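[1] what's the 3D shape of this:
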Amino acid sequence: MGLLRTILSLVMLLILVHVVLVYLGVEQTTNTVTNAIYSLGALLEAPGALILGFLGDFGPDFLDPNSFYAVALTALAAYFLVYVLLGASRD
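    Numbers count the residues shown, from 1 in each chain. All right, here's what the predicted structure looks like:
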């Protein structure tokens, strides 16, 4: 369980770095590191778009599935929920 929680924490950190880079306006083609962060960020944020797609019209208006920040923070919240549930299952 410890390894899974470590991987989830690194995934959450990568999503936060991706959000900060987008907020600061850093281009994806700046260097190899930013290109990797943008690519992995888009891949790891896909569950957020899926969750928002399932909500459809039942979700609040500010959770627009086309908004980058809504998708990224929804994915971050989902990974955090799994992180907490893995910690709660300890003996």
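
[2] now the helices for the protein?
    Along the chain, counting by DSSP state H, helices occupy 2-24, 32-44, 46-55, 68-88.

[3] how close does L4 sit to L86?
    6 Å (Cβ to Cβ, to the nearest Å). Where C-beta positions appear, they are placed from N, C-alpha and C, glycine not excepted.

[4] higher neighbour count, those two?
    Remark: of L4 and L86, L86 carries more neighbours, 14 against 11, as counted by other Cβ atoms under 10 Å.

[5] now for the helices of the chain, which one comes closest to D61?
    helix 68-88 (10.5 Å; Cβ to Cβ).

[6] Hey, what's the angle from the closest one to helix 46-55? Just curious.
    Per axes from the mean of the first three to the mean of the last three Cα atoms, to 10 degrees, the angle that helix 68-88 makes with helix 46-55 is 100 degrees.

[7] tell me the angle helix 68-88 makes with helix 32-44.
    Using the same axes, to 10 degrees, helix 68-88 lies at 70 degrees relative to helix 32-44.

[8] contacting residues around helix 68-88?
    1, 4-5, 8-9, 11-12, 15-16, 18-19, 22, 41, 44-49, 51-52, 62-65 (Cβ atoms under 8 Å, 6 or more residues apart in numbering).

[9] Just the buried residues from those, in PyMOL please.
    To isolate the buried members of the contacts of helix 68-88 in PyMOL, using 16 or more other Cβ atoms under 10 Å:
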select buried, resi 8+11+12+15+18+19+22+41+44+45+48+49+51+52+63+65
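
[10] Let's have the helices of the chain in CSV, adding mean pLDDT.
    Output for those, formatted as CSV (pLDDT from 0 to 100):
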stretch, mean pLDDT
helix 2-24, 94
helix 32-44, 94
helix 46-55, 87
helix 68-88, 92
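
[11] nearest spatial neighbour of I15, skipping sequence neighbours?
    In this structure, I15 finds its nearest non-sequential neighbour in L76, 5.0 Å apart by Cβ to Cβ, 6 or more residues apart in numbering.
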